[in-house]
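Engineer: the following comprises the amino acid sequence and a computationally predicted model.
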Amino acid sequence: MERLLLQSIWIPAVGGIICLILVRVRGAIAETFLDTIRKIISLVVTVYSLYLGIILFRNPDIVVNLGILDLGPLSTNILLIAKPFSGLMLIFAGLFALMNIIFSWPFRAKSTHNNWYYGLSLLTLSAANAVFLAADLFTLTVAWELSTLFLFGLIALGDNKDTQLAAGKTFVILGLSEAVMLISVLYIWVYNGTLVMSSIYIPVNSTLSTFLYFSFAAAAIAKAGALPLHSWIPTCAKGAPTSIMAYLPASLDKLLGIFLFYIITWQLFGITAGIKLTFMIIGAATIIIAVVMAMLQHNLKVLLAYHAISQVGYMILGIATGHPIGIIGGLFHMLNHAVYKSSLFFAAGAVEKSTGVVELDKLGGLGKKMPVLFFANIVAAFAISGVPPFNGFVSKWMVYQACVEINQPIFFIIAIFGSVLTLASFIKLIHSVYMGSTPDNLRNVKAPGFGLTFPPLLLSIICIIFGLAPGLPVSRIAQVTGLTISGTVNTFWISFKGSLWQPMIAFGFIVLGVIITYIYYASGKALKARRDRSFIGGIKPGTIAGYHKFTNEAIRVPGTGFYENIKELPVLKTILPDAEKGAFDPYSYINKIGYFILVKPLKLLHNGILSAYLSWAILGLVIILIVLVK
């Protein structure tokens, strides 16, 4: 079993390196052959990684000691442990990697730099698996940093004007937060004498311990994409390939960020009630602010990116409650979000590949042309909105319940209100993309093929399964975390202190309602549209008095007009202009500080004057001589 544990890390790494080596060559036939090899390697590796995750989940508590790291007076054991929770994370990491590879076959067809794309995708999976299996902070930190480096490389594979900004912003925000975490790891090593996590427990009862906790928490929420370290995700939506958005910010990075947040909050540190409240506020603010921003977006990918931020709020809110129902609900929502948000991004990628368009006002009427994709998108949209009987409702309900249990009704209200706004936002998305009339330039668009349709469809089916049989994932999460729920968890129903949820009954009523509606429609009693010429109340030359023939584009109503009036609300009217200029984006301030501290002085030094360069060379030589003499 130790061999299998190590394979979950080194096999994706070796597969990724092989894909990197298979560089692009001249000649269409040779390149097609190499691309096929890369695809096969990626597919085999991800399938095997998923298999290893299942094996390690079913056979937990495997320990591998990689030796002792000595750094002067400091030393620590380097350990990997396949805990039950780690095995669960490996399963989902392997699943999302596999779905990404299947989707990327047609999505990345004829794209350049596919050796980097498939190579970095597998290396990212390897780094993520190492994080989940790490039993010491050294291994965790190294793997964490590598995952960010590979993320930077994948984002940089975009091919538009926003790619450079997206990659740079991602690296700066994540890199700086991780640099602070690295300092804290070094301090813990010196203070504690070891980095083995089972030997570390730090009560947060001083300024220093508070700094240590928040440095880890900052790295976690930055990777997950919570406020205020969230701005890299919407920027990535503009500059990164859509498949990468589905693979990393939507799924794998959420797993990594929330996994670390849970570990540090309830295993490494002993946090206070004040810190709990702080992160509950961060979670609630993330829910509302991000979902309001999502409602105002006209770009399909950016809209989904803001929802990827908003949903992190539920995870942080649930885990920060400290109540077992809330912690399990937050972790369940982490898995649920990764499932339905990947499905939504894959669906967006399929639409983009088929139409070449991601602007909502240029889409519409695709439901008839893409019925399978439409179904998958509807299910995922209902799931993320917390509509029963889908999976998102169950995890959100658990978070609501935890807020009530700890006597924090304000957070309960905010969480529910966030779900309402989420549903409103996805009504806009569904109408804009799949309903209404089809733009003239998209009338010949055909449904995407199997590779583009299967991943979002399969993930939407998982949304249904987890929604109808919530006890299955909830009981497993409770088992792997060691938390006890004061209630009853059955495969098909859950009960907490008088709150009972039986999804099969709700599903039965929904099916009954659909059947009754269909019978009513099929009987011919439903209202039928009357077709006639459009009356405009005037006379136009060349037309019959009072009538005019409109073009399809003239009468088409895109969904981008939905909710535009909320911009006129007093608070938003004041804040939004500043927000659009980056007033609330930490990156803009980091960028300015870096410019004045580093870039501007270097520009002054590099002035193009030969005598200045000679002076600096002489000064450097003098310093070297002084050092050598001493």
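Structural biologist: Happy to help now that I have it. Predicted model, so just to flag it, every value in this text is computed and none were measured.
Engineer: and Met79, helix, strand or coil?
Structural biologist: Let me fix one detail, which is that residue 79 is Leu and not Met. What DSSP: H, G, I helix; E, B strand; the rest coil gives for Leu79 is strand.
Engineer: am I right that Ile81 is in contact with Leu56?
Structural biologist: No: counting by CB atoms under 8 Å, Ile81 sits too far from Leu56 to count as a contact (10.2 Å). To be clear about C-beta, it is placed using only N, CA and C from the backbone, and glycine gets the same treatment.
Engineer: show me the common contact partners of the two, please.
Structural biologist: Shared contacts of Ile81 and Leu56, defined by CB atoms under 8 Å, 6 or more residues apart in numbering, are found at Ile62.
Engineer: which one's more surrounded, those two?
Structural biologist: Leu56 (27 against 20; other CB atoms under 10 Å).
Engineer: now the host helix or strand of the more buried one: mean pLDDT?
Structural biologist: In the assignment (DSSP states H and E), Leu56 maps to helix 28-58. In this model, helix 28-58 has a mean pLDDT of 88.
Engineer: and Leu229, that's in a helix?
Structural biologist: No: under three-state DSSP, Leu229 falls outside any helix and is assigned coil.
Engineer: tally of neighbours for the closest residue to it other than its chain neighbours?
Structural biologist: Among residues not flanking Leu229 along the chain, Ala222 sits closest, at 3.8 Å (CB to CB, 6 or more residues apart in numbering). By the criterion of other CB under 10 Å, Ala222 has 26 neighbours.
Engineer: Ala222 against Ile173, yeah?
Structural biologist: Yes: using CB under 8 Å, Ala222 is in contact with Ile173, at 5.8 Å.
Engineer: identify the residues contacting Phe150.
Structural biologist: Going by CB under 8 Å, 6+ apart, Phe150 touches 120, 123-124, 127.
Engineer: then Thr139?
Structural biologist: For Thr139, the contacting residues are 66, 78-80, 130, by CB under 8 Å, 6+ apart.
Engineer: how about the residue nearest the centre of the chain, secondary structure?
Structural biologist: Note on the chain: the residue nearest the mean C-alpha position is Ala250, at 2.2 Å, using CA atoms, centre = their mean. When classified by three-state DSSP, Ala250 comes out as helix.
Engineer: from Leu212, how far out is it?
Structural biologist: 30 Å (CB to CB, to the nearest Å).
Engineer: same deal with Lys223?
Structural biologist: Relative to Leu212, and taking CB to CB, Lys223 is found at 18 Å.
Engineer: which stretches of the stretch 201-350 of the chain form helices?
Structural biologist: Secondary structure of the stretch 201-350 of the chain by DSSP state H, counting those that start in this stretch: the helices cover 207-224, 232-239, 242-247, 253-263, 273-295, 300-320, 324-355.
Engineer: for these, which one sits closest to Leu154?
Structural biologist: Among the helices of the stretch 201-350 of the chain, helix 242-247 comes nearest to Leu154, with 4.9 Å by CB to CB.
Engineer: report the buried residues of stretch 369-379.
Structural biologist: Buried residues in stretch 369-379, defined by neighbour count with 16 or more other CB atoms under 10 Å: 369-370, 372-379.
Engineer: tell me which of the residues you listed fall in helices.
Structural biologist: Mapping the buried residues of stretch 369-379 onto helices (DSSP state H) picks out 372-379.
Engineer: ok but Leu66 is inside a strand, no?
Structural biologist: Yes: per three-state DSSP, Leu66 lies within a strand segment.
Engineer: from the contacts of Phe150, which single one is nearest Ile288?
Structural biologist: Lowest distance from Ile288 to these (CB to CB) belongs to Thr124, with 31.0 Å.
Engineer: name the SS class of the spatially closest residue to the closest one that is not a sequence neighbour, please.
Structural biologist: The shortest distance from Thr124 to any non-neighbouring residue, by CB to CB, 6+ apart, is to Phe150 (4.3 Å). The three-state assignment at Phe150 reads helix, by three-state DSSP.
Engineer: before we move on, back to that, which residues does the residue nearest to Leu229 contact?
Structural biologist: Per CB under 8 Å, 6+ apart, neighbours of Ala222: 173-174, 177-178, 229, 257.
Engineer: tabulate these (a markdown table), appending neighbour count and pLDDT.
Structural biologist: Shown next, in a markdown table, are the contacts of Ala222 (neighbours: other CB atoms under 10 Å; pLDDT from 0 to 100):
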| residue | neighbour count | pLDDT |
| --- | --- | --- |
| Ile173 | 26 | 90 |
| Leu174 | 24 | 91 |
| Ser177 | 22 | 91 |
| Glu178 | 20 | 91 |
| Leu229 | 23 | 88 |
| Gly257 | 26 | 95 |
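Engineer: any chance of the residues you listed in TSV, plus distance to Tyr306?
Structural biologist: Below are those laid out as TSV (distance: CB to CB, whole Å):
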residue	distance to Tyr306
Ile173	16
Leu174	18
Ser177	20
Glu178	24
Leu229	15
Gly257	17
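Engineer: what segments of the stretch 101-250 of the chain are strands?
Structural biologist: Per DSSP state E, counting those that start in this stretch, the stretch 101-250 of the chain carries strands over the ranges 202-203.
Engineer: could you list the low-confidence segments of the stretch 1-150 of the chain?
Structural biologist: Scanning the stretch 1-150 of the chain for pLDDT under 70 picks out the ranges 24-30.
Engineer: my read: Ala13 touches Ser126, true?
Structural biologist: Yes: taking contacts as CB under 8 Å, Ala13 lies within contact range of Ser126: 4.0 Å.
Engineer: of the two, who's got more company?
Structural biologist: Ser126 (25 against 18).
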